[in-house]
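Chemist: fold the following.
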Amino acid sequence: MELLYKPDWEKTKERLLAWWEGEITDRCVIGVTAKKNDAPHSEWPKVPEKTEDRWFDYEYIKNVNEHVMRRTFYGGESLPIWNAGYPGWGMLQTYLGTPIKLAEDTGWHFPILADGNLTDYDYNDYTLDPDNEWWKFSRDTIRFAVSEARGKSLPGLQDLGYSGDSLASMRGNENLLRDLIDCPEYVREFDMHLVKIFTQVYAALYEIIREGAEGSTSWFDLWYPGKFYPTQNDFSYMVSPAMFEDIFIPSIEAQASFLDRTVYHVDGVPAFAHVPAICELPRIQALQILPGAGGRNPLYYMDTLKYVQAKGKNLHIGIPPGDVETALTELSAKGLYIATWAGSEDEARQIIKTAEKYTRE
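Modeler: Below you'll find the predicted structure:
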């Protein structure tokens, strides 16, 4: 299978498959994006006047994707992922009736479980309604993405929902923190119920993707020939390691067990406290270490990075291009994915050569 915007797709697949197994072919896995040398001159597509149309106007979504991909050099293992209207907010809770206000770059949920106690709500009342407008929207946009990406790029899945995070959106962060004290067992049960709905959502969307694409990707720049999706729990930023293990590890484990491959997105330095627990889960193949907004370079937390590798897990880090040599000097290239960028296609190619030079097991 060839892709218009990824001429070396077959070689990329080979390296990614080795990466998932914690191995290397000829060098570490590295994704470098840059402006193409022969990028056509074109203006950004005309932005719809209504904020909502920036997410719903298929012609605009198509034009934005084409504008970006035909001007981008996808070096190394970086991927041309068709953005199916991903607006930076979780979809699962909207499928269950949580209202959302759309902004230019994101969306804000309004909790529907905010009154009273969490135990006042029966989680069995929250099911996937085939007629929900947002669920219809997701299926339609993925069908559109599969159709438009065919032979050119990879259709990406949206932010679907995660352990803890979906429930926090439905309940509110402060309320859920109190619930962890007042009714921890019910939080665990409710969260597991939401993850079960995630599996229904993913299964349905994966069937659509299989109609016109090979394997799966998402908003996360990785690919696998089977069911791939990242896992995370950003709410854990506010939770102790003991409570995290007791309440949320079961749902994370369930989500990971459903998928063929996953990378756990560790977002924010306080969330690093949960790395040991995540590394004990056999169905988590990789961890992305992300210091978060305003955080330091991931290489500053070298002890955490080396811990992940010592536990036999793959490692995904995003670092400046000038730090590629340092990363490969300090870390094993086996199971290492470096995400970076470059100012030009020529610079990107040179960064890949640097990765080849310093790759070591």
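
Chemist: strands of the stretch 201-350 of the chain, start to end?
Modeler: Under the criterion DSSP state E, counting those that start in this stretch, strands of the stretch 201-350 of the chain are mapped to 231-232, 263-267, 286-290, 314-318, 336-341.

Chemist: what does the stretch 51-200 of the chain give?
Modeler: Remark: strands of the stretch 51-200 of the chain, listed N- to C-terminal, are 72-76, 81-82, 100-102, 107-109, 154-155; assignment by DSSP E, counting those that start in this stretch.

Chemist: distance to residue 296 and mean neighbour count for the strands of the stretch 201-350 of the chain - can I get that in TSV?
Modeler: To be clear about C-beta, it is placed using only N, CA and C from the backbone, and glycine gets the same treatment. As requested, the strands of the stretch 201-350 of the chain are arranged in TSV below (distance: least, CB to CB, whole Å; neighbours: other CB atoms under 10 Å):
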stretch	distance to residue 296	mean neighbour count
strand 231-232	20	24
strand 263-267	14	24
strand 286-290	11	22
strand 314-318	12	23
strand 336-341	16	23
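
Chemist: residue boundaries of the helices in the stretch 251-361 of the chain?
Modeler: In the stretch 251-361 of the chain, helices defined by DSSP state H, counting those that start in this stretch lie at 275-279, 302-310, 324-330, 345-358, listed in chain order.

Chemist: want to throw the strands of the stretch 51-200 of the chain into CSV with mean neighbour count?
Modeler: Below are those laid out as CSV (neighbours: other CB atoms under 10 Å):
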stretch, mean neighbour count
strand 72-76, 22
strand 81-82, 28
strand 100-102, 15
strand 107-109, 15
strand 154-155, 25
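
Chemist: which one, of those strands, ends up nearest to residue 267?
Modeler: Proximity of those to residue 267 was assessed by CB to CB; the nearest stretch is strand 107-109, lying at 17.8 Å.

Chemist: quick one: mean pLDDT for the closest one?
Modeler: Predicted confidence along strand 107-109 averages 84 (mean pLDDT).

Chemist: which strands or helices does that strand pack on?
Modeler: Using 3 or more CB pairs under 8 Å, 6 or more residues apart in numbering; DSSP states H and E as the contact criterion, the secondary-structure elements in contact with strand 107-109 are strand 100-102.

Chemist: quick one: strands adjacent to the strand it packs on?
Modeler: Using DSSP bridges, the strands paired with strand 100-102 in its sheet are strand 107-109 (antiparallel).

Chemist: chain center to the strand it pairs with, what's the gap?
Modeler: 18 Å (CA atoms, centre = their mean, to the nearest Å).

Chemist: tell me how many other residues surround residue 40.
Modeler: Burial measure for residue 40: 8 neighbouring residues, criterion other CB atoms under 10 Å.

Chemist: that one: what's it in contact with?
Modeler: Applying CB atoms under 8 Å, 6 or more residues apart in numbering, one finds that residue 40 lies in contact with 70, 71.

Chemist: looking at this, it is in a helix?
Modeler: No: according to DSSP: H, G, I helix; E, B strand; the rest coil, the state of residue 40 is coil, so it is not within a helix.

Chemist: wait, what's in contact with the residue most central in space within the chain?
Modeler: Compute the mean C-alpha point of the chain, and by CA atoms, centre = their mean the closest residue is residue 220, 3.6 Å away. Going by CB under 8 Å, 6+ apart, residue 220 touches 229, 230, 263, 265, 288.

Chemist: ok, now how distant is it from residue 231?
Modeler: Applying CB to CB, to the nearest Å, the value for residue 220 to residue 231 is 10 Å.

Chemist: list residues touching both of the two?
Modeler: With CB under 8 Å, 6+ apart applied, the overlap between the contact sets of residue 220 and residue 231 consists of 263, 265.

Chemist: run a quick neighbour tally on residue 304.
Modeler: The criterion is other CB under 10 Å. On that basis, residue 304 has 18 neighbouring residues.

Chemist: how many neighbours does the closest residue to it other than its chain neighbours have?
Modeler: When the adjacent residues along the chain are set aside, residue 304 lies closest to residue 272, with 5.5 Å between them (CB to CB, 6 or more residues apart in numbering). Here the number of neighbours of residue 272 (other CB under 10 Å) works out to 18.

Chemist: that older thread, would you reformat the strands of the stretch 201-350 of the chain as JSON lines and include distance to residue 301 and mean pLDDT?
Modeler: As requested, the strands of the stretch 201-350 of the chain are arranged in JSON lines below (distance: least, CB to CB, whole Å; pLDDT from 0 to 100):
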{"stretch": "strand 231-232", "distance to residue 301": "18", "mean pLDDT": "96"}
{"stretch": "strand 263-267", "distance to residue 301": "10", "mean pLDDT": "96"}
{"stretch": "strand 286-290", "distance to residue 301": "7", "mean pLDDT": "97"}
{"stretch": "strand 314-318", "distance to residue 301": "9", "mean pLDDT": "98"}
{"stretch": "strand 336-341", "distance to residue 301": "15", "mean pLDDT": "98"}
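
Chemist: make JSON lines out of the ones you listed and add distance to residue 302.
Modeler: As requested, the strands of the stretch 201-350 of the chain are arranged in JSON lines below (distance: least, CB to CB, whole Å):
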{"stretch": "strand 231-232", "distance to residue 302": "22"}
{"stretch": "strand 263-267", "distance to residue 302": "15"}
{"stretch": "strand 286-290", "distance to residue 302": "10"}
{"stretch": "strand 314-318", "distance to residue 302": "10"}
{"stretch": "strand 336-341", "distance to residue 302": "13"}
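
Chemist: of these, which is nearest residue 191?
Modeler: strand 231-232 (12.9 Å).
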